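S.K.: Here is my input; please provide its structure:
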Amino acid sequence: MKKICILYDTVSGSTAEIAEMLKDELSLRSCSITVISITKNCDLGDFDILIIGSPLRFGGFTSGMRKFIRKNKQRSLRVKGTRIEK
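M.R.: Numbering: from 1, shown residues only. I've put the predicted structure just below:
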């Protein structure tokens, strides 16, 4: 079973809602899904697939998500990605 992390940042709560909807949809495909706010500590190495979500603020990700990506860029690129089959 694939382990998927949906990592999100949110301002008004909408991205958190979408992350939960995505979790519900992916759960139908026999995947283990964990939804984590960017404000929580997490070990990306525990997951096979990483999905990030952020509201667009002034044409880009939130500053918190940009910082997270810069800080974890090399490690995140090493997270194994696979296609989920229906």
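S.K.: So which residues of this structure form helices?
M.R.: Here the chain has its helices, by DSSP state H, at 14-27, 63-77.
S.K.: Just tell me which of these ends up closest to C42.
M.R.: Among the helices of the chain, helix 63-77 comes nearest to C42, with 9.8 Å by Cβ to Cβ. Backbone N, C-alpha and C define where each C-beta goes, glycine included.
S.K.: what's the neighbour count on the closest residue to C5 other than its chain neighbours?
M.R.: Leaving aside its sequence neighbours, C5 sits nearest to F47 (Cβ to Cβ, 6 or more residues apart in numbering; 4.1 Å). Using other Cβ atoms under 10 Å, F47 has 21 other residues around it.
S.K.: Can you pull the phi and psi angles for F47?
M.R.: When read as degrees, to the nearest 10, the backbone of F47 gives phi -120, psi 150.
S.K.: same deal with D9?
M.R.: When read as degrees, to the nearest 10, the backbone of D9 gives phi -120, psi 150.
S.K.: and the gap between it and S32?
M.R.: Distance of D9 to S32, computed by Cβ to Cβ, to the nearest Å: 22 Å.
S.K.: packing partners for the worst-scoring helix or strand of the chain on mean pLDDT?
M.R.: Lowest by mean pLDDT, DSSP states H and E among the helices and strands of the chain is helix 63-77, with a mean of 76. Contacts defined by 3 or more Cβ pairs under 8 Å, 6 or more residues apart in numbering; DSSP states H and E place helix 63-77 against strand 49-53.
S.K.: Tell me the strands beside the strand it packs on, with direction?
M.R.: Neighbouring strands of strand 49-53 in its sheet, by DSSP bridges, are strand 3-8 (parallel).
S.K.: for the strand it pairs with, the distance to its chain's centre please.
M.R.: Remark: strand 3-8 is offset 4 Å from the chain centroid, using Cα atoms, centre = their mean, to the nearest Å.
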